[in-house]
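Colleague: Turn this into a structure:
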Amino acid sequence: MTMIAFRSGLAAALLAVSSACPRASEEPKISSTGARSYLMGFSVIPPKPDIKVAVQSLEIWTRRTDAAIMHLDVPWTLLLAGTSPADALRKDGVDLEHYYRSKHLKLVVTIDVTNGLGRESEAPALVTAHRSITEPAMQRLYRNYVRALVEMLHPDYLGLAAETNLIRQIAPQPVYNAVVRMTNDAASDIRRSHSPSVLPIYVSVQVETAWGKLGPQREYLGIEQDLRDFPFITVLGLSSYPYLGGFKDPKEIPLDYYARVKGSRSLPVMVVEGGWPSSSVRGVFSSSPKMQARYIARQSQLLDQANAIGVFQLSFADLDLGSFPKPVPTILPLFATLGLVDVNLRPKPALATWDTIFARHLNH
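Modeller: As a prediction, the model looks like this:
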């Protein structure tokens with residue numbers, strides 16, 4: 001469930017930045033001792049489309065992470081207009097990658113090939129252009145973009161598609177078949193020059209879908225089909241929003257919530273998106289800042305149980321929906337308060353919990 005990123009014009013602003021790091025307002029309730037097996041990070045998504053705020057947010061969260069994630073839509077509009085993949089990445093990607101490297105962060109990149117806010121449909125840019133990833137020509141554009149991204153951004157981990165099991169469940173079959181074909185072809189391209197040890201690659205699966213929480217069956221489904229369809233993966237990406245899967249409180253989430261999806265396989269797992277809101281949405285779910293903090297603590301247990309290698313939230317800050325261009329997607333309010341700080345970058349209780357977990361020694 002991809003969030004809306006704001007990067008236009010950010011590169012220049014990253015050249016001169018300074019910001020005080022606010023302190024969380026509530027003492028952590030879990031231990032900072034011991035070790036963790038997983039990298040921790042966020043993405044660039046700011047609370048509002050404002051360059052100064054975006055940079056300020058970056059300067060705050062990069063001090064409490066080991067890694068950063070870039071969740072990128074394929075720039076279909078640019079590619080269809082004849083822009084080269086390299087030029088598209090220079091517009092959106094290269095400078096941000098340089099910024100993250102200057103902070104000594106690992107870089108994870110997920111490429112999204114369908115509609116991140118509605119997996120039943122294709123990317124809005126393709127729909128507008130009356131094109132489809134079922135076309136071989138669009139698949140070639142994707143493969144060219146992947147090759148350029150690998151050479152220009154040098155990711156430490158690369159995801160070739162997002163939430164494949166949810167796409168398979170609710171999108172037209174030809175669209176899912178196209179995702180399978182284009183990612184396998186792209187993986188073959190990558191492996192000609194990059195071994196699995198140099199560049200681990202993944203697709204992400206939706207955890208609630210794997211547990212049968214988002215479909216009519218309401219029974220555990222697993223990910224066997226994904227493992228068959230995407231045999232190239234050397235890491236398993238997880239996307240998890242348990243509050244949308246019917247969990248009323250984080251304590252209800254089974255301790256093996258991630259581990260069961262992994263199963264007995266030696267495949268490493270990495271949570272590449274997810275979270276729990278700090279505010280309720282009437283008629284959909286109830287939450288609070290304290291409940292969100294409990295989720296961050298509970299998630300650390302799920303990560304430990306699965307011996308995960310990474311966890312990422314796409315949103316560090318809440319989204320100020322009133323400041324975003326209209327029309328705002330109707331589904332976006334469900335994700336608006338996932339941040340660990342509010343729209344003014346003021347800490348919520350969950351930030352103290354995150355910081356306590358981050359203080360543990362990293363064994364990675």
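Colleague: I'd say G275 and P242 touch.
Modeller: No: the pair G275 / P242 is not scored as a contact, 9.3 Å apart, by C-beta atoms under 8 Å. For glycine as for every other residue, the C-beta is placed from the backbone atoms N, C-alpha and C.
Colleague: Quick check: neighbours shared by these two?
Modeller: Common neighbours of G275 and P242, counting by C-beta atoms under 8 Å, 6 or more residues apart in numbering, are Y295.
Colleague: Please enumerate the helices of this protein.
Modeller: 10-13, 51-61, 76-80, 85-91, 94-102, 124-128, 136-153, 164-170, 173-191, 207-210, 224-229, 259-262, 289-306, 349-358 (DSSP state H).
Colleague: just checking, G212 touches R218?
Modeller: Yes: between G212 and R218 a contact is recorded at 5.3 Å, counting by C-beta under 8 Å.
Colleague: Compare the two (neighbour count), which wins?
Modeller: G212 (15 against 11; other C-beta atoms under 10 Å).
Colleague: Show the pLDDT at that one.
Modeller: On the pLDDT scale, G212 is placed at 95.
Colleague: now the nearest residue to P268 once chain neighbours are set aside: how far from V284?
Modeller: Nearest residue to P268, sequence neighbours excluded (C-beta to C-beta, 6 or more residues apart in numbering): I309, at 4.6 Å. Separation of I309 from V284 (C-beta to C-beta, to the nearest Å): 32 Å.
Colleague: between the two, who's got more neighbours?
Modeller: I309 (18 against 11).
Colleague: Show the contacting residues for that one.
Modeller: S37, Y38, L39, V235, P268, V269, M270, H364.
Colleague: and the residue nearest to V109 when sequence neighbours are not counted, how many neighbours?
Modeller: Sequence neighbours aside, P155 is the residue nearest to V109 in space, at 4.2 Å (criterion: C-beta to C-beta, 6+ apart). Counted with other C-beta under 10 Å, residues neighbouring P155 total 21.
Colleague: again with H130
Modeller: Counted with other C-beta under 10 Å, H130 comes out at 6.
Colleague: Please report the distance of the residue nearest to L238 when sequence neighbours are not counted from P124.
Modeller: Excluding the flanking residues, the one nearest L238 by C-beta to C-beta, 6+ apart is V271, at 4.7 Å. For V271, the distance to P124 (C-beta to C-beta) stands at 26 Å.
Colleague: Identify the residues contacting the residue nearest the centre of the chain.
Modeller: Centre of the chain computed as the mean C-alpha position; nearest residue by C-alpha atoms, centre = their mean is E273, 3.3 Å away. When contacts are counted by C-beta under 8 Å, 6+ apart, E273 touches M1, T2, I69, H71, T110, A162, S204, S239, S240, F312, Q313, L314.
Colleague: cutoff 7 Å now
Modeller: Shown in contact with E273 (C-beta atoms under 7 Å, 6 or more residues apart in numbering): M1, H71, S239, F312, L314.
Colleague: can you pick the most crowded of those?
Modeller: Ranking the contacts of E273 using other C-beta under 10 Å puts L314 first, with 27 neighbours.
Colleague: now H361, which residues is it bridged with?
Modeller: When bridges are called by DSSP bridges, H361 pairs up with A35.
Colleague: ok, now which ones touch D318?
Modeller: With C-beta under 7 Å, 6+ apart, D318 has these contacts: P47, A336, T337, G339, D342, V343.
Colleague: List just the nearest of these to P174.
Modeller: Closest approach between the contacts of D318 and P174, by C-beta to C-beta: A336, at 33.0 Å.
Colleague: how close does the closest residue to the closest one other than its chain neighbours get to V343?
Modeller: Leaving out its chain neighbours, the residue that sits closest to A336 by C-beta to C-beta, 6+ apart is L319, at 4.5 Å. Applying C-beta to C-beta, the value for L319 to V343 is 7 Å.
Colleague: Between those two, which has more neighbouring residues?
Modeller: L319 (23 against 19).
Colleague: What pLDDT is listed against the more buried one?
Modeller: L319 carries a pLDDT value of 96.
Colleague: Test my guess that it contacts L338.
Modeller: No: the pair L319 / L338 is not scored as a contact, 8.2 Å apart, by C-beta atoms under 7 Å.
Colleague: Roughly how far does the residue nearest to the centre of the chain sit from D318?
Modeller: 16 Å.
Colleague: Next: K248.
Modeller: Computed with C-beta to C-beta, the distance linking K248 and D318 is 21 Å.
Colleague: so who does V207 touch?
Modeller: Counting by C-beta under 7 Å, 6+ apart, V207 has contacts L238, S239, S240, Y257, Y258, V261.
Colleague: now do 6 Å
Modeller: L238, S240, V261 (C-beta atoms under 6 Å, 6 or more residues apart in numbering).
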